[in-house]
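Colleague: Requesting a structural model of the entry that follows:
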Amino acid sequence: MTKELFPSDAEVSNADPEQQLLDVLRLNLVPGIGPRTYQMLLERFETPAGILAARIPQLQEVPNVGPKLAMSLITHGTEAAAREELEIARAAGVTLLVRDLEGYPSALTRIPDPPTVLYCLGTLLPSDQLAVAIVGSRHCTAYGRQTAFRLASELARAGVTVVSGLARGIDAEAHKGALEAGGRTIAVCATGLNTVYPPEHVELAKSVRDNGCLLTEAPMNQQPKSGLFPQRNRIISGLSMGVILIEAGRASGALHTARHAMEQNREVFAVPGRIDSEASFGCLDLIRDGATLIRNVDDVLSTLGPLVAPVQRTPAESVHRAAELQLSDQQRMILNLVTTEPIPVDDVLRTAGIEASRVLSTLTILEMKRLVRRLPGNFVQRY
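Modeller: Residues are numbered from 1 along each chain as shown. As a prediction, this is how the structure comes out:
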């Protein structure tokens, strides 16, 4: 590797953060450089600046980079275009989240093709790691709309962020249900954030922004294109612990989200519908093939496994498993006195500040829910 192509470690560490952001934007604006190609370019040239400094023959040494893409990188990936994009985003109040940098959703770093840049309008919180997606048909029945609204409301009341795609039908009802319950919701858009699609969801988009955020990997002025919708579905599933499908027919785009969820090792849930309703054929097929049939939120939260890392909801409360969101206030308080290292039960009794009988009965309930376990010597440990 030559110095003219690759900056030294000292040069990288001292680089202007604004310039680093512009370099990433330059690459993100090049047609044909998706997340996987970007990752291969990084593996070869180490930094975005290194990619931009490479010559065409060197770029063509990277798999999937032919003469046309190499030339496009030089002609489209201009600093002027990146600066204009950055100005447009900032004028709209949009925050740019760059992969591998602070603020980027950790859940997306664990999927095969995370977006290089996310445009965020609103606020993304650490607690949004406790997220479940709800997706389904745009042409849903009254049953589908009511079910999506109810499940989203119940999830939001449990403290779960509801993720969907701002589309007509099931997506819209999922966002509305979370908002009605006073919860948080995230809309993953296929268009740029200067365009709301469908246009009748402008007010809904504003409500989502104020109680969560709108996210997209598309440039600010990107208009709707059919190929972008299946592509954004991997972000919907990637942000979530699991995906709920409601009234997905066999040709429904929501099935793309289910497939992404399976590839990403996320749970897939399906709401059953009438066996003679084409609107539910895709959901029924998923259940037949192993997806979890659900009737309510308890079915969802009890099925989800342990989180990759605990989520700190408050200074006194961390969540290790989604099932903990179903607990009463007393159960949650006692659980948060138990650590992942064995501690004496007497320590829990002394710290709880309530009658010993209530603490012991609560520990028994938590043990039955498989959230804690008792150990020899009168010790207790959190799973």
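Colleague: okay, which residue is most central for this protein?
Modeller: Leu239 (1.2 Å; C-alpha atoms, centre = their mean).
Colleague: Relative to Val30, how far out is that residue?
Modeller: 25 Å (C-beta to C-beta, to the nearest Å). Quick note: C-beta positions are derived from backbone N, CA and C, even for glycine.
Colleague: correct me, but Val135 touches Val162?
Modeller: No: look at Val135 against Val162 with C-beta atoms under 8 Å: they stay out of range, at 10.7 Å.
Colleague: who touches both of those two?
Modeller: Common neighbours of Val135 and Val162, using C-beta atoms under 8 Å, 6 or more residues apart in numbering, are Ala174.
Colleague: Contact partners for Glu61?
Modeller: Glu61 neighbours (C-beta under 8 Å, 6+ apart): Arg44.
Colleague: ok so it is a strand residue?
Modeller: No: Glu61 is assigned coil when assessed by DSSP: H, G, I helix; E, B strand; the rest coil, not a strand.
Colleague: Give me the pLDDT value at it.
Modeller: The score at Glu61 is 91. That number is its pLDDT.
Colleague: Take stretch 27-38, keep the C-alpha atoms, and write them as PDB.
Modeller: What follows is stretch 27-38, C-alpha atoms only, in PDB (Å, rounded to 0.1, in the frame of the first residue of the first chain):
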ATOM      1  CA  LEU A  27     -19.500   7.400  -2.200                       C
ATOM      2  CA  ASN A  28     -23.100   7.000  -1.100                       C
ATOM      3  CA  LEU A  29     -24.300   9.200  -4.000                       C
ATOM      4  CA  VAL A  30     -22.600   7.000  -6.700                       C
ATOM      5  CA  PRO A  31     -25.200   4.800  -8.400                       C
ATOM      6  CA  GLY A  32     -24.200   1.200  -8.200                       C
ATOM      7  CA  ILE A  33     -22.200   1.400  -4.900                       C
ATOM      8  CA  GLY A  34     -24.500  -0.400  -2.500                       C
ATOM      9  CA  PRO A  35     -23.600  -1.500   1.000                       C
ATOM     10  CA  ARG A  36     -21.800  -4.700  -0.100                       C
ATOM     11  CA  THR A  37     -19.700  -3.000  -2.800                       C
ATOM     12  CA  TYR A  38     -18.900  -0.200  -0.400                       C
END
